[in-house]
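> Here's my sequence, what's the structure:
(2 chains)
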Protein chains: 2
Amino acid sequence: MIRGSGDPRARPILESVREDRALFSLVLSYTRTAEIPGITVAGAGPDSMMYTPPADAEYIEYGHCRCMDAIPTTPDGKPTPAVLTRAALISAGLPYIAINAGGPVRPQVPHIDAGIEPGGNIREGPAMTMPQALHTLESGRQTGGKLASLCDCLIIGESIPGGTTTALATLRGLNLPGPVSSSMPDNPTSLKEDVVRAALERLGMDDPVSVASKVADPMILFVCGMLQAATESTWVVLAGGTQMLAVLAMASKLGYDHTRAALATTSYIAEDPGIDLGRRVDAISPVPVLWTDPLLERSAHVGLRAYAAGFAKEGAGAGGAMVAARARTGAGADQMQDAIDAEYSRLTSGARAPG
Amino acid sequence: MIRGSGDPRARPILESVREDRALFSLVLSYTRTAEIPGITVAGAGPDSMMYTPPADAEYIEYGHCRCMDAIPTTPDGKPTPAVLTRAALISAGLPYIAINAGGPVRPQVPHIDAGIEPGGNIREGPAMTMPQALHTLESGRQTGGKLASLCDCLIIGESIPGGTTTALATLRGLNLPGPVSSSMPDNPTSLKEDVVRAALERLGMDDPVSVASKVADPMILFVCGMLQAATESTWVVLAGGTQMLAVLAMASKLGYDHTRAALATTSYIAEDPGIDLGRRVDAISPVPVLWTDPLLERSAHVGLRAYAAGFAKEGAGAGGAMVAARARTGAGADQMQDAIDAEYSRLTSGARAPG
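Next comes the predicted model:
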């Protein structure tokens, strides 16, 4: 059973994923906040950080990356959650498209170019100008509307290094306190709090878009626009953890149809008592929460077992892709874990993906 | 009645457009062949030529351009056929996405970036290297497969200045002689023949992709790849005239499912005895031909009446968009002409498009 699927609000969404046309989209973005030393491990080092989103997008498409030699890892070699995403999408034959919304490096795969600039380091200054913020939101609305006209259920994941810090600043800036997740088991909370405090000092009596322009990142505003436009005509699943909380917070301030949306993630996020995801979603915008246990403590691969020990946990829409794939094929959590292990075995054996 | 709709091969395609999910895609590209003086009027002057495709894409989306002040015109002010395309798509609520496949100027609208370089001037040298040609074909296949998974009928138009000359060279290079159309009533045939002769002199005993790398343009290979991949799972309508003949020729050499494809264009192309479109399609790859009369001799606007006098005739997928819109809504040719006139009245009055 997909967890949370007993919620009657979730049923029509799961039914749509199972029977209608579903599309998995991955929003690639960037904030220079990621360059603050120690803030994230989404990349093997500071110079490779901006390659992580396009590398995730290329890997999900081809089974290998084009802009770098190997797949993105943490500095000590733990693999990107895009491994889970790819295994899930392929197991269910779910169509996939990447969207570059602020990444400085173009992915070498046909993708949607949303025409967005990278976000600034929010410790040092605003994330973007107000015209850039409005453009980002508008481009998200256009893209979301376009994709919604092509499917019955739009799943939206993200890949943005440093994004949990900008998500925390956005939630605080909208007066919604609470912790965020991290790609590290020892969440660098005090460093994040320092960055967020510096960012929030620049806020006055601001409207939500103005708050975002000062302390968020392009992904949050872009996905907020997608969510607003797509829920006008279709079901939407936000695939992610605390960063998608920031999207929900922004969208609830600006207005959207929450009866057509859900959040989907991994058990590593949904069952973390320190995050308390379900209660916080209810407080921000009451959408159903769906999750699945990747069972990675059973994995044959030490790099994947690290997920169960608190590394990475979620990202590249992994939880949402797994929930959607299980809804579509009826696979159990154990079958999904087999598919993930098989994909990682292929990767580490150096074999090329078929096709 | 949509002309050609009596062909039993066309019926399931028209039925799919009417009842299922149809998507209109516009492939933007560029060949430096367009910079040969006198070869095309697709742009107000040589410096503006490379802005024509992105301007078409922006105008179809927004009702006005972003990369230039007005819509693309010929040097004496006749409007781009994208006016017909936009009027048709809006009248039927057909979803639309632009694909940049070789244009040096990015359109300022969310679009698919296919990662393709502009084509070279075929009078002076090859259109592209062989690795570029293979990449262009492969990127077309990926993009076509992706879009086919999101719709039941994929309509593909193009915007590439100078494209009829590279189409002629491609047809000749594949040993398929015959005239091509032009955006001018006095088709600069002898200039085109000179350019094509210079290009063909570089050919030896080449395979089709090698021919294309020497004398074609990126659009022809890219749309060929889209057609090959998309006909594996869905209906495909090539929206255009003689340039789409070159695509059909390339695809028939490389292999594709012609039972899932059709060509759709305007009567200005389909009924031109000098082009003899139907017979040539049958000789190249037997797909049904659908067309509609834009009735622009009745237009209140002198710029549009020029179409009926032999200017522009087709482009930006205009004929295919009109055929699809009529199939979807049941509108007659006269209602479509009213919609085109209304769109052009709005444009020339300087009013912003709603929304």
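> Run a quick neighbour tally on residue A:346.
16 (other C-beta atoms under 10 Å in any protein chain shown). Where C-beta positions appear, they are placed from N, C-alpha and C, glycine not excepted.
> so which helix or strand takes in it?
Using DSSP states H and E, residue A:346 maps to helix A:333-349.
> buried stuff in that helix?
A:333, A:336, A:337, A:338, A:339, A:340, A:341, A:343, A:344, A:346, A:347 (16 or more other C-beta atoms under 10 Å in any protein chain shown).
> so the first one makes contact with residue A:295?
Yes: with the criterion set as C-beta atoms under 8 Å, residue A:333 and residue A:295 qualify as a contacting pair; they are 5.4 Å apart.
> still on that earlier bit, helices or strands up against the helix holding residue A:346?
Secondary-structure packing of helix A:333-349 (3 or more C-beta pairs under 8 Å, 6 or more residues apart in numbering or on different chains; DSSP states H and E): helix A:82-92, helix A:302-308, helix A:318-329.
> State the mean pLDDT of that helix.
Regarding helix A:333-349, the rounded mean pLDDT is 94.
> who's in contact with that helix?
The contact list for helix A:333-349 (C-beta atoms under 8 Å, 6 or more residues apart in numbering or on different chains) reads A:63-64, A:71, A:79, A:83-84, A:86-88, A:90-91, A:292-296, A:298-301, A:303-304, A:322, A:325-326, A:331, A:353.
> relative to helix A:318-329, how tilted is that helix?
Helix A:333-349 runs at 120 degrees relative to helix A:318-329, counting by axes from the mean of the first three to the mean of the last three C-alpha atoms, to 10 degrees.
> Quick check: residue A:109 is in a strand.
No: Residue A:109 is assigned coil when assessed by DSSP: H, G, I helix; E, B strand; the rest coil, not a strand.
> What are the neighbouring residues in contact with it?
For residue A:109, the contact set (C-beta under 8 Å, 6+ apart) comprises A:57, A:58, A:61, A:62, A:66, A:98, B:115, B:142.
> If we use 10 Å, what do you get?
Neighbouring residues of residue A:109 by C-beta atoms under 10 Å, 6 or more residues apart in numbering or on different chains: A:54, A:57-62, A:65-67, A:96-98, B:113-115, B:139, B:142-143, B:146.
> Mind checking which of those land in strands?
A:96, A:97, A:98, B:113 (DSSP state E).
> host element of the closest residue to the second one other than its chain neighbours?
Leaving out its chain neighbours, the residue that sits closest to residue A:97 by C-beta to C-beta, 6 or more residues apart in numbering or on different chains is residue A:25, at 5.4 Å. With secondary structure defined by DSSP H and E, residue A:25 is part of strand A:22-28.
> Just the mean pLDDT for that strand, thanks.
Taken as a whole, strand A:22-28 has a mean pLDDT of 98.
> Note down every partner strand of it and its orientation.
Taking DSSP bridges as the criterion, strand A:22-28 pairs within the sheet with strand A:96-100 (parallel), strand A:153-159 (parallel).
> where does that strand sit relative to the chain's centre, distance-wise?
Relative to its chain's centre, strand A:22-28 lies at 10 Å (C-alpha atoms, centre = their mean, to the nearest Å).
> do stretch A:8-22 as well
Relative to the centre of its chain, stretch A:8-22 is centred 20 Å away, using C-alpha atoms, centre = their mean.
> What's the end-to-end length of that stretch?
20 Å (C-alpha to C-alpha, to the nearest Å).
> tell me which residues in it are buried?
For stretch A:8-22, burial by neighbour count (16+ other C-beta under 10 Å) applies to A:9, A:10, A:13, A:14, A:16, A:17, A:18, A:21, A:22.
> Skipping its backbone neighbours, what lies nearest the fourth one in space?
So the one you mean is residue A:14. residue A:327 is the one closest to residue A:14 (C-beta to C-beta, 6+ apart), at 4.7 Å.
> From residue B:132, how far out is residue A:61?
To residue B:132, residue A:61 is 20 Å away according to C-beta to C-beta, to the nearest Å.
> Would you mind telling me which of the two has the busier surroundings?
Set side by side, residue A:61 and residue B:132 show more neighbours around residue A:61, with 24 against 19, by other C-beta under 10 Å.
> wait, isn't that one in contact with residue A:95?
No: applying C-beta atoms under 10 Å as the test, residue A:61 and residue A:95 come out as separate, 11.2 Å apart.
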